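Peer 1: fold the following, please.
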Amino acid sequence: MFDFAGFLTTGDVGAALGSSEAEVRGVVAAAGLTVMRQEIDAGQGRFGIFGGGVEFLFGDSKLMCVQFETDRTGPLELAGSRVDADTGLEEFTEILDQSGINWSVDRSSAGELVVTTAGSVRCYFTAEEPYRFATAIAAIASPTMD
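Peer 2: Numbers count the residues shown, from 1 in each chain. Here you go, the predicted model:
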């Protein structure tokens, strides 16, 4: 499995945003995971690679987004604590504090609460209380990934 704490701290899992498909395949294979490729929008050159429940999204042959979703990965570990769909915002930020990971919180245009970590990873929580963990995403802006 990939290091969730490292991802939150750096924004990558061994392949930085902008990496090629071959680089990402190498990282996933080195982790001993099966690699699955899925076309998302072939006309726009968008596709995804999946390994260990982590989603790597590409546009123009470059890694544009790395996404951890607990419905795919299963529970994640951070500082000896379990992070899953039942993890609330307050609990998550306490775990980040215990891990020494700096963060800030804001609200998305869709109303979700978004914790942004030191590694520029955006962690989304439901828009309504009790603000439960939804997903953690590291992404860069690109016209191909609107």
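Peer 1: so who does the nearest residue to residue 3 once chain neighbours are set aside touch?
Peer 2: Leaving aside its sequence neighbours, residue 3 sits nearest to residue 13 (Cβ to Cβ, 6 or more residues apart in numbering; 6.8 Å). (Each C-beta comes from the backbone N, C-alpha and C, glycine too.) Contacts of residue 13 were listed using Cβ atoms under 8 Å, 6 or more residues apart in numbering, and they are 2, 3, 6, 7, 27, 54, 66.
Peer 1: can you select the buried ones from those residues in ChimeraX?
Peer 2: Buried members of these, defined by 16 or more other Cβ atoms under 10 Å, are picked up in ChimeraX with:
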select :2,7,27,54,66
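Peer 1: could you measure from residue 1 over to residue 32?
Peer 2: 9 Å (Cβ to Cβ, to the nearest Å).
Peer 1: more neighbours: these two, which one.
Peer 2: residue 1 (15 against 9; other Cβ atoms under 10 Å).
Peer 1: now do the same contact list for the more buried one.
Peer 2: 31, 52, 53, 73.
Peer 1: burial measure for the residue lying closest to the second one once chain neighbours are set aside, as a count.
Peer 2: Right, residue 52. With sequence-adjacent residues excluded and distances taken as Cβ to Cβ, 6+ apart, residue 52 is closest to residue 33, at 4.4 Å. Neighbour count of residue 33, defined by other Cβ under 10 Å: 16.
Peer 1: could you do residue 89 as well?
Peer 2: Neighbours of residue 89 (other Cβ under 10 Å): 18.
Peer 1: that one is in contact with residue 131, isn't it?
Peer 2: Yes: between residue 89 and residue 131 a contact is recorded at 3.9 Å, counting by Cβ atoms under 8 Å.
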